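1. Provided below for reference: sequence and predicted model.
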Amino acid sequence: MNAQTEARVDVPLEAGSADQRRPDPCALVIFGASGDLTHRKLIPALYALEFRGLLPESFAVVGVARTQNSTEAWREEMRAAVTEFGRDEMRDDVWKRLAAGMHYVSTDFSSEGGETEVMKLLEQLDKERGTRGNRVYYLAVPPAVISTVVDKLGERRHPSGWVRLIVEKPFGHDLASAKVLNEDIVSNFQEQEIFRIDHYLGKETVQNVLAFRFANGIFEPIWNRRYVDSVQITVAESLGIEDRAGFYEQAGAIRDVVQNHVLQLLALTAMEPPADFEADAVRNEKVKVVRAIAPPDPGYVVRGQYGPGEVDGKKVPGYRHEPGVAPDSETETYVALKVFVDNWRWAGTPFYLRTGKHLSSRATTIVIMFRPAPHPPFLEIAGEGLRPNLIVIQVQPDEGISMRIGAKVPGQGMTIQPVNLSFQYDRAFHVHLPEAYEKLILDAMLGDATLFTRIDEVEAQWSFVDSVVAQWQGSAPDFPNYAAGTPGPKAADALMARDDRLWCR
Ligand code: BG6
């Protein structure tokens, strides 16, 4: 892989896309507008889109939340959020264009009459800003609130405009609740109007798994049980739970990250090539993989919870001492699993999955470990360096792909040493990668559901997660079992050691 190309891509969302359509005029309504996601991700993503001229010509944003606030104050808060979390410099002209269409409504939308003001404002915006009755509703609210909100949105459809409903994860809490939630949503919206978001699918590096596998002829023939020894998927975070104890106590690592991000990475790594890149072709192949994941052997499931420790040079409390967390909480902040994908391509190939909070570093990687060369002629003399090939897809940070090969050390004799061939996004394309939410919000406006999760896949994800959770219910965990700032519980290393393997660091 010689990746030192000199391509210069200044506007990646435009330049990288075959689809250069600008979305139709529309209003984007964010439910949960006072929340963390809106500050850190959604408004900075809209600013980045405005910065590149990718938003619809006629556009408005309506923030809806229970927190009392005025439009003016909300705009100021959002400007500060863009300055802090955005990837572009704050430019007055760009901000003014976006902010001019931003409004805030404090209301409990789910209460009697709570929707009236929002609906009136949307009609007014149709007239003043030309949004033509087209609506993107972004539900960044807990699953419990969604049902009443979608009932009201369903009743108050605009007679001629289109509608798209973006639903944030987690989509339910388990299979049963996901089904109920989905029934509520589909009684008001059609499947093609529903965009269940998992922001991992909007990451350039995650989409590049498909490009890497299917745009290159050389990998597919070896991408199977005959050549691959095992696969490791890691979503490691140095961050803790921040201020999200209320949510996290109910979710834990298995629902917060395994159910969605980790299983998405697994699905893209293991899926069959789709016939084309249309939403259903891609999603049909992904769901087959998730359905083929067998419930793990209980001996190969590790859960962990962090105790006090040091992260990035700062002392941090243990999970049980985080504000809002029960002092005897049994919520897991770490999970490691070994699973099998029971199909023709992957039978017998272990997939090792792990994720955790407050680990020693932040890294999301997919590692494909190949079987050793069958008969290296210099086995006796090559020394320690004769190691199996591996491909590391570095999803974040330092986005790129590298491949470990054995090379001869210059000089006398035939000593072999592992070296890396590597491709790095920043060196190859000279760009800062767009944030996942930019791509996904734009796709939803354009009505392209390829990178959103269809309900059959969500259900397959929950069936798997339910099977794991059922195994550990009733057994008291020995928490905390890893110190914050370390690579995780010892039991996760033991899980690998039992198979004579190591986690790739
Ligand atoms: C979110 C989880 O979905 O993903 C968070 O709720 C987690 O707990 C985050 O921190 C990780 O996303 P990223 O893009 O930072 O890897």
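-> Arrived safely. Numbers count the residues shown, from 1 in each chain.

2. Get me the contact residues on this protein for the ligand.
-> Residues of the chain lying close to the ligand by C-beta under 6 Å from any ligand atom are 237, 239, 256, 257, 364. Every C-beta, even on glycine, is put in place using the N, C-alpha and C of the backbone.

3. is it true that the second one lies in a helix?
-> The one in question is residue 239. No. Under DSSP: H, G, I helix; E, B strand; the rest coil, residue 239 sits outside any helix and is assigned coil.

4. What is the neighbour count of the residue nearest to it when sequence neighbours are not counted?
-> Excluding its sequence neighbours, the residue lying closest to residue 239 (C-beta to C-beta, 6 or more residues apart in numbering) is residue 357, at 6.5 Å. Number of residues near residue 357 (other C-beta atoms under 10 Å) recorded here: 26.

5. cool, and residue 504?
-> 15.

6. Surely it is in contact with residue 363?
-> No. Using C-beta atoms under 8 Å, residue 504 is not in contact with residue 363; the gap is 9.9 Å.

7. shared neighbours, the two?
-> Shared contacts of residue 504 and residue 363 (C-beta atoms under 8 Å, 6 or more residues apart in numbering): residue 234.

8. Of the residues of the chain next to the ligand, which pair is most distant in space?
-> Comparing every pair within the residues of the chain next to the ligand by C-beta to C-beta identifies 256 and 364 as the most remote, at 14.1 Å.

9. Pairing partners for residue 230 in the sheet, please.
-> For residue 230, the beta-bridge partners under DSSP bridges are residue 369.

10. Wait, it touches residue 351, no?
-> Yes. The pair residue 230 and residue 351 qualifies as a contact (C-beta under 8 Å) at a distance of 7.3 Å.

11. The two - which one has more neighbours?
-> Between residue 230 and residue 351, counted using other C-beta under 10 Å, the more crowded position is residue 351 (23 against 19).

12. now what about the helix or strand where that one lies, what contacts it?
-> Assigned by DSSP states H and E, residue 351 falls within strand 350-356. Strand 350-356 is contacted from outside by 230-237, 253, 257-258, 261-262, 266, 270, 304, 306, 333-341, 482, 488, 492, 495-496, 499, 501, 503, using C-beta under 8 Å, 6+ apart.

13. Repeat the analysis, applying 6 Å as the threshold.
-> If you take C-beta atoms under 6 Å, 6 or more residues apart in numbering as the criterion, strand 350-356 is touched by 230-235, 253, 257, 262, 334-339, 488.

14. re the thing from before, could you pull up phi and psi at the residue nearest to residue 239?
-> Torsion angles at residue 357 (phi, psi; degrees, to the nearest 10) stand at phi -100, psi 160.

15. wait, it sits on residue 235?
-> No. Residue 357 is beyond contact range of residue 235, at 10.1 Å (criterion: C-beta atoms under 6 Å).

16. who's in contact with residue 372?
-> Neighbouring residues of residue 372 by C-beta under 6 Å, 6+ apart: residue 388.

17. scratch that, residue 447 is what I was asking about
-> No contacts exist for residue 447 under C-beta under 6 Å, 6+ apart.

18. Excluding chain neighbours, what is closest to residue 88?
-> Nearest in space to residue 88, with sequence neighbours left out and distances taken as C-beta to C-beta, 6+ apart, is residue 51 at 4.9 Å.

19. Do I have it right that the one you found meets residue 94?
-> Yes. Under the criterion of C-beta under 6 Å, residue 51 makes contact with residue 94 at 5.1 Å.

20. And the two? Which one has more around it.
-> Using other C-beta under 10 Å as the criterion, residue 51 and residue 94 rank with residue 51 on top: 23 against 18.

21. Tell me how far the more buried one lies from the ligand.
-> Applying C-beta to the nearest ligand atom, to the nearest Å, the value for residue 51 to the ligand is 20 Å.

22. re the thing from before, in contact with the residue nearest to residue 239, which residues?
-> 237, 240, 333.

23. would you say residue 491 is within a helix?
-> Yes. The assignment for residue 491 (three-state DSSP) places it in a helix.

24. from what I can see it touches residue 302, true?
-> Yes. Checked against C-beta under 6 Å, the pair residue 491 and residue 302 is within contact range at 4.5 Å.

25. could you give the mean pLDDT of stretch 91-106?
-> If you average the pLDDT over stretch 91-106, you get 97.

26. just stretch 396-413 next, same as before
-> 91.

27. Extract the C-alpha set from it and format it as CSV.
-> The C-alpha trace of stretch 396-413 is given here as CSV (Å, rounded to 0.1, in the frame of the first residue of the first chain):
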residue,chain,number,x,y,z
GLN,A,396,-9.6,6.7,15.4
PRO,A,397,-7.4,8.6,16.2
ASP,A,398,-4.6,8.7,13.6
GLU,A,399,-7.1,7.4,11.1
GLY,A,400,-5.6,5.0,8.6
ILE,A,401,-4.8,1.4,7.7
SER,A,402,-1.6,-0.5,8.1
MET,A,403,-0.4,-3.9,7.3
ARG,A,404,2.3,-5.8,9.1
ILE,A,405,4.6,-7.8,6.9
GLY,A,406,7.9,-9.6,7.6
ALA,A,407,11.0,-8.0,5.9
LYS,A,408,14.6,-9.1,5.7
VAL,A,409,16.9,-7.1,8.0
PRO,A,410,19.7,-5.7,5.9
GLY,A,411,23.0,-7.4,6.3
GLN,A,412,24.3,-10.9,6.5
GLY,A,413,22.0,-13.8,7.2
